[in-house]
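Chemist: have a look; sequence and predicted model below, questions after that.
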Amino acid sequence: MRIAAFVPALVVLFALLLWGFAGMPDFGHYRGPYGFVLERIATPERHVTNVVNATTYDYRGFDTMGEEFILFAAVTGVVLLLRGSSGSRRRADDDVRSDSIRLAGAVAPALVILVGLWLVAFGFVTPGGGFQGGIAVAAGALMLFVAVGYRAWSTLGDERLLDPIEGLGAGGYAVVGLAALVSGLPFLTNLFGPGVVGTVRSGGSAALLNWAAAIEVAAANVILTTEFVEQYIAPIVRRRR
Amino acid sequence: MTMLATLVPLQYGLFGLVALGAPAVVLSRDPLRMAVVNGLYGLVLVLLFVLLGAPDVALSMLVVTTVAYPVVLLIAIARSRSSKEEMDEA
């Protein structure tokens, strides 16, 4: 019975996949006039060498703000569903005892967070940017959780600390846009000039937008993990004691 | 152009690894092992993205596939195992 349902579905899906592939442009034949235009003008016009980053935070900066608010709304939804009403959380005691995990935990998070900050700072020069850097910083923080254990983590993952930081990231993006509006220019216009090509000082306002997005992404991911751990893992640890 | 030509065999190799990796993920029976195999499979995709000239995508994928997604999986696995233990005890 399961096979009888599976095989026709497989055949139909495979036919759809082949049909889709048949209609794709040939390998290496990119059909996107907008992309070619940006590739040509981004570096001379905005003094930015990573065209992907220039597209995300400059030419399409408004779209990225929308995406950031989607993330913000999603995290808010998860927090509303998962965060308990009790203000006083009993903290589980699960200190890490393995020496090798402690050693790795002393080195790896710092390295990963450093790489994340570098990705944010140089996002418009080399590959990287606010999202990539932000999620790397969050990953470093998660490694810290693995290394130091839940009890130490729950001090860092405190909602009274993280919630304002996430708001700062999401709101900061809008503030950079509004600052241009207040100066009598269109929303999100670059206020700082294009800067010097190939340095941290290129990109102008887009640099601030990268940092705002990074703060939002990093805080959002740490909050999400904290809520999941708080809701699903902490009760298990408590029960085992 | 010559540099691009030398990359073509590498691309074939990586596409081959992608084709092998996906069934490897599906065929691992133990969820914990599946989480690890899935992380390795994600790393192959990251290399493919780099080779196809999409380093920005590769960077996001690198973190999501090796840290963020496994963490979500591990939480789910720990949760389901613990509720299973409870049922066994009852």
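Modeler: Looks like it came in fine.
Chemist: where do the helices sit along chain B?
Modeler: Using DSSP state H, the helices found in chain B span residues B:2-27, B:31-51, B:55-63, B:69-89.
Chemist: which helices and strands sit right next to the longest one?
Modeler: Here helix B:2-27 is seen to pack against helix B:31-51 when contacts are counted using 3 or more CB pairs under 8 Å, 6 or more residues apart in numbering or on different chains; DSSP states H and E. Every C-beta, even on glycine, is put in place using the N, C-alpha and C of the backbone.
Chemist: what helices or strands is the helix it packs on leaning on?
Modeler: With contacts defined as 3+ CB pairs under 8 Å, 6+ apart, the packing partners of helix B:31-51 are helix B:2-27, helix B:55-63, helix B:69-89.
Chemist: please identify the deepest-packed of those.
Modeler: helix B:55-63 (a mean of 21; mean count of other CB atoms under 10 Å in any protein chain shown).
Chemist: quick one: contacts of that one?
Modeler: The contact list for helix B:55-63, computed with CB atoms under 8 Å, 6 or more residues apart in numbering or on different chains, reads A:50, A:52-53, A:119, A:127-129, A:131-132, A:135-136, A:138-139, B:42-43, B:45-47, B:49-50.
Chemist: residues in contact with residue A:35?
Modeler: Applying CB under 8 Å, 6+ apart, we find residue A:35 in contact with no residue.
Chemist: excluding chain neighbours, what is closest to residue A:213?
Modeler: Distances taken as CB to CB, 6 or more residues apart in numbering or on different chains put residue A:130 closest to residue A:213, at 3.1 Å, once the chain neighbours are dropped.
Chemist: with residue A:207 instead?
Modeler: Of all residues beyond its chain neighbours, the one nearest residue A:207 is residue A:124 (7.0 Å), with distances taken as CB to CB, 6+ apart.
Chemist: what do you get for residue A:165?
Modeler: residue A:219 (4.5 Å).
Chemist: how much space separates that neighbour from chain B?
Modeler: 14 Å (CB to the nearest CB, to the nearest Å).
Chemist: circling back: which stretch in the helices and strands packed on helix B:31-51 has the least confidence?
Modeler: Set side by side, the helices and strands packed on helix B:31-51 show their lowest mean pLDDT on helix B:69-89, which sits at a mean of 80.
Chemist: which other residues reach that one?
Modeler: Under the criterion CB under 8 Å, 6+ apart, external residues in contact with helix B:69-89 comprise A:142, A:225, A:228-229, A:232-233, A:236, A:239, B:31-32, B:34-36, B:38-39, B:42.
Chemist: redo that, cut-off 10 Å
Modeler: Around helix B:69-89, the neighbours that count as contacts under CB atoms under 10 Å, 6 or more residues apart in numbering or on different chains are A:139, A:142-143, A:145-146, A:221, A:224-225, A:228-229, A:231-233, A:235-237, A:239-240, B:30-32, B:34-36, B:38-39, B:42, B:61, B:63-64.
Chemist: likewise for stretch A:60-68?
Modeler: A:38, A:54-58, A:129-131, A:169-174, A:176-177, A:186-190, A:205-206, A:209-210, A:212-213, A:216-217, A:220.
Chemist: and if you look at stretch A:13-33?
Modeler: Where contact means CB under 10 Å, 6+ apart, the residues beyond stretch A:13-33 that reach it are A:36, A:38-39, B:4, B:11, B:52-53.
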